[in-house]
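Engineer: 3D, please:
(chains A and B)
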Amino acid sequence: MSLDAATVRRIASLARIRLEEDEVGRMQAELNGILGWIEQLQAVDTEGVEPMAGGAPEGQPAMRMREDAVTDGGQADAVLANAPDRMGAYFGVPKVVE
Amino acid sequence: MSYTIEGNTGPWELVIGLEVHAQVISHSKLFSGAATAFGAEPNSQVSFIDAGFPGMLPVINRECVAQAVRTGLGLNAEINLWSRFDRKNYFYADLPQGYQISQYAHPIVGKGEIEIELADGAKKIVGITRLHLEQDAGKSLHDQHPTKSFIDLNRSGVALMEIVSEPDMRSPEEAGAYLTKLRQILRYLGTCDGNMDEGSMRADVNVSVRKAGEGYRTRCEVKNVNSVKFVMQAVEAEARRQIEVWESGGTVEQETRLFDTQRGTTRSMRSKEDAHDYRYFPEPDLPPLVLEPDWVEQLKASLPELPDVRRARYVAMGLTPYDAHVLTLEKETAAFFETVAKGRDAKQAANWVTGDFFAALNRLKRDITDPPVTAENLGGLLDLIADGTVSGKLAKEIFEIMIETGKAPGVIVEERGLKQVTDTGAIEAAVADVLAKNADKVAEYKSGKDKLFGFFVGQTMKAMQGKGNPALVNEVVKKLLG
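Structural biologist: Just a heads-up that it's a prediction; the model follows:
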């Protein structure tokens, strides 16, 4: 499997990464290199092995749960501290209306 | 007779499925300890997790998981003891993480079903495909500034249940009945407040049309419809639009649309063109969610009574199916009725609640959560009727005084001397007085004018200001005339 230039541009656009036209070729080569390694991994026989995601295989105790209590919040200033365009108690963003 | 819309080429059938987003009732958010209460100061209920700050890790709220399991059980659905969270990737101003933690491949709840009832009494099963847990996004305000939108992240990270139906509905009425029933079940379970005005419940409506006997044609999704009425209108508007497209030789494209409640039409949401490329992958910050079977059993054992079961129980108590239906629509109404009926005649309690009490609610524009007469006081009034203290007619007057004064019926009876007279001596004196004053009518009665009997009873009741025990008055009039 290999990615063409259009797919590379689309992936960049979905990820909101600006890709200059002269960068597309290099990025395409790098991504295809990574896909080549994945293909190597796929040579391993995984017949009968459950795919693992996030640590705990099926059947084992897993996610820790917390009790339902309010322990956080009440810190609007801290939350807004890095806002590039703070508007009062809100984040200001370019108008997005449907 | 199945529902169809008549086009130029003949009748069209509708195929409808709903995806309902229901906000979970919990104190804190799905993955953070920030509060969930509605209407707080902007950005005051936000943790660094909800704001998507780097390095923050989510920890799941046990109660949110319990609420999803309860809902699954209430929908007669499979509970998946092993489920997993996935990242749904997209960019939007109210989604600071750049992804929503959701469940894609392995939801916590699988297939279930809901029984709906239509206006003609017909019943129908609508399949539930799945229910999964996910994070809500923040809220955008567009009317605060000419060129900017304002973002409030208080809602960001609040737990949502997405409940997906099978494409089993065939008319606007069925879609409306499904949403109504789902809302009722959630409210009975206490897992979602069902408040559509505040956005606690929102529906995405999938609609397609077809000719009889065909498979499914392309569907469109109408997003964020926020009332039962609008769901029904959106279904019809979207179906009519698609019929027009097909009949004019065009092709319906799969897309996301918005319902314009002012115009009653749907329009395309162009910004969502790429929206279906969410690039889901397993959430690396969370291990799988594994439920203990014992815990699920405990939740099952502690489920409240659901509307269908309660309705059947009311009918078994002697209520008409209609009264049972009306009294179980809202769980608050059912609770009110149960308090009134407890230890009393259920049928009589139902008559008072659906009769005088509902009339008073309507007249005063009050809600069952803010009743003009408490259930305890209404029950007390029924006791006074049952033990003969007041007649049914007098009880209606006392009920009105209860509304005006808020006082208990016993107090009103005492204060105003409304106690029914059951003293035979007093009644005999009153009847004798009436007969003496109407000697001419007594003579007419004795010469065969039987109808005058009611006149003597009425005059006696009037003389006693309505307080005479009706049965006793009848008896005494009969005796003294005889």
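
Engineer: quick check: mean pLDDT across the helix or strand hosting B:E162?
Structural biologist: Of the helices and strands defined by DSSP states H and E, B:E162 is found in strand B:159-165. The average pLDDT for strand B:159-165 rounds to 98.

Engineer: The longest strand anywhere in chain A: which residues count as buried?
Structural biologist: Within chain A, and with DSSP state E defining each element, the longest strand by residue count is strand A:90-94. Within strand A:90-94, the residues that qualify as buried are A:Y90, A:F91, A:G92, A:V93, counting by 16 or more other Cβ atoms under 10 Å in any protein chain shown. C-beta: built from backbone N, CA, C; applies to glycine.

Engineer: could I have it exported to PDB, CA atoms only?
Structural biologist: Provided in PDB are the C-alpha atoms of strand A:90-94 (Å, rounded to 0.1, in the frame of the first residue of the first chain):
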ATOM      1  CA  TYR A  90     -15.800  33.400  27.200                       C
ATOM      2  CA  PHE A  91     -13.300  32.200  24.500                       C
ATOM      3  CA  GLY A  92     -13.700  34.400  21.500                       C
ATOM      4  CA  VAL A  93     -13.400  32.700  18.100                       C
ATOM      5  CA  PRO A  94     -14.100  33.700  14.500                       C
END
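
Engineer: do that strand and chain B meet?
Structural biologist: Yes: judged by Cβ under 8 Å from any Cβ of the partner chain, strand A:90-94 and chain B are in contact via A:Y90, A:F91, A:G92, A:V93, A:P94.

Engineer: Strand partners (parallel or antiparallel) of that strand?
Structural biologist: strand A:86-87 (antiparallel), strand B:148-152 (antiparallel) (DSSP bridges).

Engineer: Which single residue in the stretch 351-482 of chain B comes nearest to chain A?
Structural biologist: When scored by Cβ to the nearest Cβ, the stretch 351-482 of chain B has B:T369 as its residue closest to chain A, at 24.1 Å.

Engineer: Work out for me the element that residue sits within.
Structural biologist: Going by DSSP H and E, B:T369 is not in any helix or strand.

Engineer: Repeat that for B:V245.
Structural biologist: Short version, using DSSP H and E: B:V245 is in helix B:228-247.

Engineer: What helices and strands are in contact with the helix or strand following that helix?
Structural biologist: Next helix or strand after helix B:228-247 toward the C-terminus (DSSP H and E): strand B:256-260. The contact analysis (3 or more Cβ pairs under 8 Å, 6 or more residues apart in numbering or on different chains; DSSP states H and E) places strand B:256-260 against strand B:220-225, helix B:228-247, strand B:265-268.

Engineer: can you list these in a markdown table and add mean pLDDT?
Structural biologist: Output for the helices and strands packed on strand B:256-260, formatted as a markdown table (pLDDT from 0 to 100):
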| stretch | mean pLDDT |
| --- | --- |
| strand B:220-225 | 94 |
| helix B:228-247 | 97 |
| strand B:265-268 | 93 |
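
Engineer: do you know which of those lies nearest B:V473?
Structural biologist: Nearest of those to B:V473, taken as Cβ to Cβ: helix B:228-247 at 51.3 Å.

Engineer: so what secondary structure elements neighbour the closest one?
Structural biologist: So helix B:228-247, by 3+ Cβ pairs under 8 Å, 6+ apart, packs with strand B:5-7, strand B:10-23, helix B:172-189, strand B:201-210, strand B:220-225, strand B:256-260, strand B:265-268.

Engineer: could I get these as CSV with mean neighbour count?
Structural biologist: Listed next are the helices and strands packed on helix B:228-247 as CSV, based on neighbours: other Cβ atoms under 10 Å in any protein chain shown:
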stretch, mean neighbour count
strand B:5-7, 14
strand B:10-23, 20
helix B:172-189, 22
strand B:201-210, 23
strand B:220-225, 21
strand B:256-260, 18
strand B:265-268, 17
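
Engineer: could you dump these to CSV with distance to B:P293?
Structural biologist: As requested, those are exported to CSV (distance: least, Cβ to Cβ, whole Å):
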stretch, distance to B:P293
strand B:5-7, 48
strand B:10-23, 25
helix B:172-189, 20
strand B:201-210, 30
strand B:220-225, 36
strand B:256-260, 39
strand B:265-268, 45
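
Engineer: give the contact list for B:I25.
Structural biologist: With contact set as Cβ atoms under 8 Å, 6 or more residues apart in numbering or on different chains, B:I25 has these partners: B:Q67, B:G190, B:T191, B:C192, B:D193.

Engineer: Only the buried members of these: can you turn that into a ChimeraX selection?
Structural biologist: Of those, the buried ones go into a single ChimeraX selection, burial set by 16+ other Cβ under 10 Å:
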select /B:67,191,192,193
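
Engineer: Can you tell me which of the contacts of B:I25 is closest to chain A?
Structural biologist: Nearest to chain A, judged by Cβ to the nearest Cβ, of the contacts of B:I25 is B:Q67 at 9.4 Å.

Engineer: Quick check: which element contains the closest residue to the closest one other than its chain neighbours?
Structural biologist: Excluding its sequence neighbours, the residue lying closest to B:Q67 (Cβ to Cβ, 6 or more residues apart in numbering or on different chains) is B:T191, at 4.3 Å. Applying DSSP H and E as the criterion places B:T191 outside every helix and strand.

Engineer: How about the contacts made by B:T191?
Structural biologist: Neighbouring residues of B:T191 by Cβ under 8 Å, 6+ apart: B:A22, B:V24, B:I25, B:Q67, B:A68, B:R70, B:T71, B:G74, B:M161.

Engineer: change it to 6 Å
Structural biologist: The contact partners of B:T191, by Cβ atoms under 6 Å, 6 or more residues apart in numbering or on different chains, come to B:I25, B:Q67, B:R70, B:T71.

Engineer: now these as TSV including pLDDT and secondary structure?
Structural biologist: TSV is the format used below for the contacts of B:T191 (pLDDT from 0 to 100; DSSP: H, G, I helix; E, B strand; the rest coil):
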residue	pLDDT	secondary structure
B:I25	98	coil
B:Q67	98	helix
B:R70	98	helix
B:T71	98	helix
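
Engineer: picking up where we left off before, tell me which of the helices and strands packed on strand B:256-260 lies nearest to B:K365.
Structural biologist: So among those, helix B:228-247 is nearest, using Cβ to Cβ, at 19.8 Å.

Engineer: neighbours around residue 52, how many?
Structural biologist: Reading this off chain A. Using other Cβ atoms under 10 Å in any protein chain shown, A:M52 has 11 neighbouring residues.

Engineer: Can you look at chain B instead?
Structural biologist: Neighbours of B:G52 using other Cβ under 10 Å come to 16.

Engineer: which non-adjacent residue is nearest residue 85?
Structural biologist: Just so you know, I chose chain A. Excluding the flanking residues, the one nearest A:D85 by Cβ to Cβ, 6+ apart is A:G92, at 3.9 Å.

Engineer: To clarify, I was referring to chain B.
Structural biologist: Residue nearest to B:F85 in three dimensions, not counting chain neighbours: B:E283, with 4.1 Å by Cβ to Cβ, 6+ apart.
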